[in-house]
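> Structure for this input, please:
(one chain, ligands or ions: 1)
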Amino acid sequence: MSETFQFALQATDGNARLGAITMPRGTVRTPAFMPVGTAATVKALYMDQVRGTGADIILGNTYHLMLRPGAERVARLGGLHEFARWPHPILTDSGGFQVMSLSKLRKLTEQGVTFRSHVDGARYEMSPERSIEIQGLLGSDVQMQLDECVALPAPYADVERAMEMSLRWAERCQTAFGDQPGRAMFGIVQGGAEPVLRERSASALKAMDLKGYSVGGLAVGEPQHVMLEMLDVTCPVLPADKPRYLMGVGTPDDILKSVARGIDMFDCVMPTRAGRHGLAFTRRGRVNLRNARHADDYRPLDEESDCPAARDYSRAYLHHLVRSQEALGAMLLSWNNIAYYQHLMQSIRGAIGEGRFLAFAEDATEGWARGDI
Ligand SMILES: Nc1nc2c(CCNCC3CCCCC3)c3[nH]c(NCCc4ccccc4)nc3cc2c(=O)[nH]1
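Okay, here's the model as predicted:
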């Protein structure tokens with residue numbers, strides 16, 4: 001086990017990168033998809049199943065956990081790894097994005113964000129310093145700076161103001177984080193859909209010599225081509241020897257196209273949320289198990305999968321569970337979806353390592369488009 005946090009770039013294929021992040025609790029193979037563990041659980045799955053799908057790292061949720069059960073309580077109980085029985089790396093977001101998207105009566109000032117809990121209406125203040133303190137109390141291995149993400153489209157002046165405040169907050173977070181060997185704090189590039197602001201943000205964060213860089217402010221309503229254009233502008237400015245994490249992304253297609261532009265890490269609620277709504281991801285595209293056409297279909301989702309949820313259950317059974325709103329339906333489809341995303345990442349890593357990423361991406365995209373699934 002490494003006592004330090006170290007990114008090793010192992011191979012490149014065009015702008016796609018194969019790498020590994022070593023840290024005390026384990027190694028994260030990149031490109032990596034990080035399942036979202038909202039309230040200290042990857043919804044409807046046991047942590048052993050999550051690990052069994054090949055996940056090396058999961059997300060914890062600063063916003064939810066600070067409200068319930070409370071960061072100090074999680075620390076008293078041994079930290080998030082012990083609390084949730086996940087001994088491998090955990091990345092936490094800073095909570096600002098969730099405050100702006102979930103809480104009520106929130107106010108954003110230079111000092112930080114104040115808001116009322118969506119759980120019990122209690123009033124909270126989240127400064128850059130308090131966000132880093134909470135992430136430390138949770139025991140997070142990879143911590144995010146507090147930032148301000150602006151929904152798109154937005155006026156240039158708003159995007160510029162939010163980007164510049166996020167830079168000032170990055171400095172405060174770096175100071176608050178201090179020197180925690182084996183752990184990392186990532187800066188978050190902002191700048192909306194403005195190339196000039198993206199370059200300015202990325203350059204300023206690069207000068208801070210951080211251990212990793214997130215690309216934020218995307219997947220917030222802009223078309224995919226705008227997101228990709230911002231990656232084309234941002235990634236070349238970021239240091240090649242540090243990991244790059246595209247926040248909140250995304251569909252399998254988003255992931256392929258973003259890996260092709262130099263992104264190493266992803267998180268998205270989609271596979272687990274879609275699973276709870278009866279949607280299955282497969283290598284031949286998405287299957288909506290609510291649809292009556294599956295009622296008599298004895299085929300599994302994917303007979304070649306190594307995930308029991310995909311290989312051992314008929315679509316007819318999954319359709320029945322979903323229509324009956326049985327808990328097992330959400331459990332099996334969430335399992336299938338997380339396994340599918342991990343298999344996709346494993347295949348991407350293999351393709352980059354063998355210099356055939358472009359051909360792999362084209363073949364995968366055709367598979368989804370082939371329809372009749
Ligand atoms: N700091 C920060 N976080 C961002 C996030 C949250 C990433 N997931 C955290 C995770 C923590 C644990 C609980 C769950 C969230 C984003 N998510 C999205 N799009 C999601 C778009 C999306 C995709 C599928 C379904 C809903 C929404 N854009 C994002 C931009 C930022 C950003 O600039 N700054």
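> I'd guessed residue 284 sits against residue 369; true?
No. Residue 284 is not in contact with residue 369 according to C-beta atoms under 8 Å; the separation is 9.2 Å. Just so you know, the C-beta spots here come from the backbone N, C-alpha and C atoms, and that holds for glycine as well.
> What parts of this protein come near the ligand?
36, 38, 59, 61, 93-94, 96-97, 144, 147, 149, 188, 216-220, 247-248, 267-270 (C-beta under 6 Å from any ligand atom).
> in the stretch 251-373 of the chain, what spans have low per-residue confidence?
Scanning the stretch 251-373 of the chain for pLDDT under 70 picks out 371-373.
> any chance you could map the helices in it?
252-259, 270-276, 308-311, 315-323, 327-353, 357-369 (DSSP state H, counting those that start in this stretch).
> Format these as JSON lines; extra columns: mean neighbour count and distance to residue 85.
What follows is the helices of the stretch 251-373 of the chain, written out as JSON lines (neighbours: other C-beta atoms under 10 Å; distance: least, C-beta to C-beta, whole Å):
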{"stretch": "helix 252-259", "mean neighbour count": "22", "distance to residue 85": "28"}
{"stretch": "helix 270-276", "mean neighbour count": "21", "distance to residue 85": "18"}
{"stretch": "helix 308-311", "mean neighbour count": "21", "distance to residue 85": "21"}
{"stretch": "helix 315-323", "mean neighbour count": "20", "distance to residue 85": "26"}
{"stretch": "helix 327-353", "mean neighbour count": "22", "distance to residue 85": "17"}
{"stretch": "helix 357-369", "mean neighbour count": "15", "distance to residue 85": "33"}
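> Including distance to residue 297, could those helices go into TSV?
Below are the helices of the stretch 251-373 of the chain laid out as TSV (distance: least, C-beta to C-beta, whole Å):
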stretch	distance to residue 297
helix 252-259	23
helix 270-276	18
helix 308-311	14
helix 315-323	4
helix 327-353	15
helix 357-369	19
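> quick one: which of these is nearest residue 205?
For these, proximity to residue 205 was assessed by C-beta to C-beta; helix 252-259 is nearest, at 18.5 Å.
> Who are the contact partners of residue 367?
Shown in contact with residue 367 (C-beta atoms under 8 Å, 6 or more residues apart in numbering): 283, 284, 285.
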